[in-house]
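A.B. asks: make a model of this:
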Amino acid sequence: MAPAGITAFMTTARDGVTFNRYGAEDPRSLQSYEQLKKQFGIENLVMLHQQHSVDIVEADMSDFAVRNGAPGDGLFTSESDLALGILTADCYPVMLAGREHIAALHCGWRGTVKGIMANAVRMFAERGDAPEYAYVGAGISKNAFRVQDDFIEKVEKSLSPGLYLSEKNGERYFDLAQLIQDQLRYLGVDAIEYSGVCTYNDSRFHSYRRDGKDAGRMLSVIYRRRCCL
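C.D. replies: Residues are numbered from 1 along each chain as shown. This is a model prediction of the structure:
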């Protein structure tokens, strides 16, 4: 369970809910944003133009509106009542909470193997804090993440993929969820809440691999309530 004062959640695709890429003027997406803000009482939400990088943007109440749409794949703040949002459709959202800071990370395989979570933990440490809790939302499971030789060659540049590869009917599959959890534990985060849901196999969620370029996006959010400090 999340620490007192911390809210972390992930939307689904049910009832047509989708969240388009930042700045997209799609009526269904705009309606989804308005419904979410009303349901959770969110007034201040910051998001990024995600690029499968390891870049993390720090935001506060004075500049979060300017930060909206900045390039990057992680958000970090010490502010209360400032919600951090990440879009996914097979990649994993990873939400971190420490004593005074929170972070929201877009963890596809590229960002994960290149160290986006280590970058986030370093930001906590530089401010005298450490993530004590992680929420890992839904993403593509090892039984659906089929990979080819070129993928393995790219992963090998950063880590040994052997522990996370399996074979079935002559095809190879990669366990991104386990890699994320192993990295979190290695970085000192032991309290991990993992949804265990596969976006590809569960129609309640959007999936880029299943639905292609027309796939919608889920929004994952973390924020700390000022009233609970």
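A.B. asks: which helix or strand contains the nearest residue to Ile116 once chain neighbours are set aside?
C.D. replies: Leaving aside its sequence neighbours, Ile116 sits nearest to Val54 (Cβ to Cβ, 6 or more residues apart in numbering; 4.2 Å). Bear in mind the C-beta positions are built from the backbone N, C-alpha and C, glycine included. Counting by DSSP states H and E, no helix or strand carries Val54.
A.B. asks: for Val54, phi and psi?
C.D. replies: Main-chain dihedrals, Val54, degrees, to the nearest 10: phi -110, psi 20.
A.B. asks: what sits against it?
C.D. replies: 73-74, 111, 114-116, 119 (Cβ atoms under 8 Å, 6 or more residues apart in numbering).
A.B. asks: inside helices: which ones of those?
C.D. replies: With DSSP state H as the criterion, helices contain 111, 114, 116, 119 from among those.
A.B. asks: most surrounded residue in these?
C.D. replies: Highest neighbour count within those: Ile116, with 26 neighbours (other Cβ atoms under 10 Å).
A.B. asks: pull the contacting residues for that one.
C.D. replies: Per Cβ under 8 Å, 6+ apart, neighbours of Ile116: 53-54, 56, 73-74, 105-107.
A.B. asks: 10 Å instead?
C.D. replies: 52-56, 72-74, 94, 103, 105-108, 110, 183 (Cβ atoms under 10 Å, 6 or more residues apart in numbering).
A.B. asks: one more: Asp90?
C.D. replies: Contacts of Asp90 (Cβ under 10 Å, 6+ apart): 108-109, 138-141, 144-145, 176, 198-200, 205-211, 215, 218.
A.B. asks: buried sites along the strand or helix carrying Lys37?
C.D. replies: For Lys37, the host element (DSSP H and E) is helix 27-40. Residues of helix 27-40 classed as buried by neighbour count (16 or more other Cβ atoms under 10 Å): 29, 32-33, 36.
A.B. asks: what's the first helix or strand after that helix?
C.D. replies: Using DSSP H and E, the helix or strand that follows helix 27-40 in sequence is strand 45-46.
A.B. asks: appreciated, that's everything.
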